[in-house]
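Participant: Compute the structure for the input listed below.
(chains A and B)
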Amino acid sequence: MVFILGVNFPERNLLKKSLQTFFGVGNDTSSRLLARFNIHPTCRVGELANKQVLDLTAVLSDMKIENDLRREVLNDIKRLKETGTYRGRRHALGLPVRGQRTRTQIKTPVRLNRMERRL
Amino acid sequence: MASAWCWSCLSRLRPTPRAIFPSPSAGTRITSAPFHSTATQYAQPVKKKANSLTQVKYRQGQTLRRKKKKTVERSRPPAVGERKAMRKRIVLSNPNALEVEGMQDLSAETMIDARLRGSVLGLPVPMLDQLRAVQAFQPKQGWSLFRRPGTVMRRDAVEMGRLFAKISGEGEEAEKGQVVKRVITGLKGSGKTVHLLQAMAMGFLKNWVVITVPDARELVSGDTGYTPIEGSKPTQYIQPNATSALLNRTVEANREVMSTLRVSQQHPALKGLKPNSTLEDLAKLGFSDAALSWPVFQALWTELTATSPAPGLEKNFQPRPPMVVTVDGLAHWMGESAYRASDFTPVHAHDLVFVKHFLSLLEPGSSLKNGGMVLYATSTSNSPSSYSLEVALDQITARQEGIEVSSPEYPQPEPYSKADTRVLDVFKPQKPSGKEGALELQKLGGLTREETRGFLEYFARSGLLREDVNEKWVSDKWSLSGGGIIGELEKAGRHLRAPAERIPTAEAQV
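Facilitator: Down below sits the predicted model:
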């Protein structure tokens, strides 16, 4: 088990996939992170040297990911609602925000857009 | 019997249920706030809500909720690496196949014998471990069909055998220390990889040092670690694990030769090296410590290509044997690799020092100092398309045909094709200097009809083929295989056919 940013990852797991478990780290960010420290794309967590783990943790802790990012997104939505914009209203009403049709296929906004939005 | 009408509101009541008084076991029902004078106990049970699928609800969650199927516990999945080991397994013997009587082994004499052209020569059994170590056999080749592995001596193989003898300094036209550099191409199934295998086998027979890269793809597919060399410009990368694996297979295969040669040069970078150690010990330094593997490989290379000892180390020096260097799947090295630089730009394959080292052997001057062969094969089944390589190979062909580089007929990349100049530079025209020949292109074609016959007879004698191998049938198969393409011939030979049952004739019955 290897600790990266306070999370314990099994050694067998792919490093790239493990990084992507953080909210806000996707395919592109994780690829760039690996490239930055010259880690090959199919590296397993167990193959990392100690220094590389520390480097990765240091960089990840500087990035806006996980709860910080969640908070930011929620604040943005909140701001839209408070200023009374159309987008804010749509968020509050549980309707699609970006001009999609509402006759069918609005499962996602129905699920997500509500007054007390969660991520 | 009670009236069917409610006396207070004159609404019709439901018929009284048969059991007026519910049994005590039926449980208590809520009896609060009865509107009708009739007890609620008698009301029919509340109708179930309609299925959520049929009832459309807007702006509410409408997800279809299905029960998940329970996963059935199956037997345990295979252990880590087991499936890959199965996939890469190489079977070299089939006890059900017949022993081919009178099959000769590949040896220093048979490999140059033109009379044996077209016959299948067995690979010497003690050598199989060495060949396995350098990964000469590939899983999809049909070695598992026969009692023991053997290869057909086609024209190119006999010719190569003679070259080996010549470079080793035997025979009349011996040219000791000559270097032959070849790129081997050919159609799919034309035997390029097996040609390399024959080269390795001949190298082992002649006690040369055999160094191989069995799959060029592994070095550029981003599957092994890489570390930049600090201060290099443009940044170069070493691949410690791949280098370590190379050292490992080199030592495994060439132990006999390398354990007799001793270190004769100064290697200040390697602190753990004792002055009197053998080349085997030198290479072993790189096994355990992957970080050291590249300096160790460089040291080993300088040792193997040394022509004279460093001052003070004369007593250890023995003349170094020639070398065979083979690479399979050259096209993978002719473009950008799957690795990324720190700024996320793709790393060109030629910036990997491992790759660069092997490609530099094609350049004049820096090649094998003690003679040998550099054989790089392309692949057709596992090959990325590389336009620049195609052009470069066309250029070599043109040069071999005697077309001048300045001539308008000399193939050039298309004007807007963005051909990779680094690739073209590797194969650029070079003058043969001294013992070093110019870079050649060897195109493997099909077998001749005689060779085809020998090859198919080998199938028949191994019990795989129950056909009368005659001139007509061989000619038939030769044409069907696209003019003797050996991979296609093998397919024809391995289809096991039972002989047609004889219909008993009237005479036999009598």
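
Participant: residues contacting the residue of chain A positioned farthest from its centre?
Facilitator: Here the centre of chain A is the reference, and by Cα atoms, centre = their mean the most remote residue is residue A:103, at 30.0 Å. Counting by Cβ atoms under 8 Å, 6 or more residues apart in numbering or on different chains, residue A:103 touches no other residue. Where C-beta positions appear, they are placed from N, C-alpha and C, glycine not excepted.

Participant: Do you know the pLDDT at the residue in chain A that chain B sits nearest to?
Facilitator: Of all residues in chain A, residue A:35 sits closest to chain B, at 3.5 Å by Cβ to the nearest Cβ. Here the pLDDT value assigned to residue A:35 is 94.

Participant: Can you give me the neighbour number for the nearest residue to it once chain neighbours are set aside?
Facilitator: With Cβ to Cβ, 6 or more residues apart in numbering or on different chains as the measure, residue B:340 is the residue that lies nearest to residue A:35, at 3.5 Å, once sequence neighbours are left out. Counted with other Cβ atoms under 10 Å in any protein chain shown, the neighbours of residue B:340 add up to 22.

Participant: Could you do the one 5 residues further on as well?
Facilitator: For residue B:345, the number of neighbouring residues by other Cβ under 10 Å comes to 10.

Participant: Now do the same for the closest residue to residue B:272 other than its chain neighbours: helix, strand or coil?
Facilitator: Spatial nearest neighbour of residue B:272, excluding adjacent residues (Cβ to Cβ, 6+ apart): residue B:285 at 5.8 Å. When classified by DSSP: H, G, I helix; E, B strand; the rest coil, residue B:285 comes out as helix.

Participant: which residues are in contact with stretch B:129-145?
Facilitator: Residues outside stretch B:129-145 that contact it (Cβ under 8 Å, 6+ apart): B:87-94, B:97, B:123, B:149, B:193-194, B:196-197, B:200-201, B:204, B:210, B:212, B:214-215, B:249-250, B:252-254, B:462, B:464, B:490, B:494.

Participant: taking the residues you listed one by one, which sit in strands?
Facilitator: Among the contacts of stretch B:129-145, the ones falling in strands (DSSP state E) are B:210, B:212.

Participant: remind me, longest helix of chain A?
Facilitator: Using DSSP state H, we find that the single longest helix of chain A is helix A:66-82.

Participant: Name the next helix or strand downstream of that one, please.
Facilitator: Per DSSP states H and E, the first helix or strand lying C-terminal to helix A:66-82 is helix A:86-93.

Participant: quick one: buried residues of the helix or strand that that next one is followed by?
Facilitator: Next in sequence after helix A:86-93, counting helices and strands by DSSP H and E, comes helix A:107-112. Neighbour-count burial for helix A:107-112 flags A:109-110 (criterion: 16 or more other Cβ atoms under 10 Å in any protein chain shown).

Participant: Helix A:107-112 near chain B at all?
Facilitator: Yes. Helix A:107-112 reaches chain B (Cβ under 8 Å from any Cβ of the partner chain) through A:107, A:110-111.

Participant: likewise stretch A:5-22?
Facilitator: Yes. Contact of stretch A:5-22 with chain B (Cβ under 8 Å from any Cβ) involves residue A:12.

Participant: What average pLDDT does that stretch get?
Facilitator: For stretch A:5-22, the per-residue pLDDT averages 92.

Participant: Pull it out as PDB, backbone CA atoms only.
Facilitator: Provided in PDB are the C-alpha atoms of stretch A:5-22 (Å, rounded to 0.1, in the frame of the first residue of the first chain):
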ATOM      1  CA  LEU A   5      -2.300  12.500  -0.700                       C
ATOM      2  CA  GLY A   6      -3.500  10.700   2.300                       C
ATOM      3  CA  VAL A   7      -5.100   7.900   0.400                       C
ATOM      4  CA  ASN A   8      -3.900   4.400   0.500                       C
ATOM      5  CA  PHE A   9      -3.500   2.700  -2.900                       C
ATOM      6  CA  PRO A  10      -2.800  -1.000  -3.400                       C
ATOM      7  CA  GLU A  11       0.500  -1.600  -5.100                       C
ATOM      8  CA  ARG A  12      -0.900  -3.600  -8.000                       C
ATOM      9  CA  ASN A  13      -3.100  -0.700  -9.200                       C
ATOM     10  CA  LEU A  14      -2.200   1.400 -12.200                       C
ATOM     11  CA  LEU A  15      -0.900   4.700 -11.100                       C
ATOM     12  CA  LYS A  16      -2.800   6.600 -13.700                       C
ATOM     13  CA  LYS A  17      -6.100   5.100 -12.700                       C
ATOM     14  CA  SER A  18      -5.300   5.700  -9.000                       C
ATOM     15  CA  LEU A  19      -4.600   9.400  -9.700                       C
ATOM     16  CA  GLN A  20      -7.900   9.600 -11.500                       C
ATOM     17  CA  THR A  21      -9.800   8.600  -8.400                       C
ATOM     18  CA  PHE A  22      -9.300  12.100  -7.100                       C
END
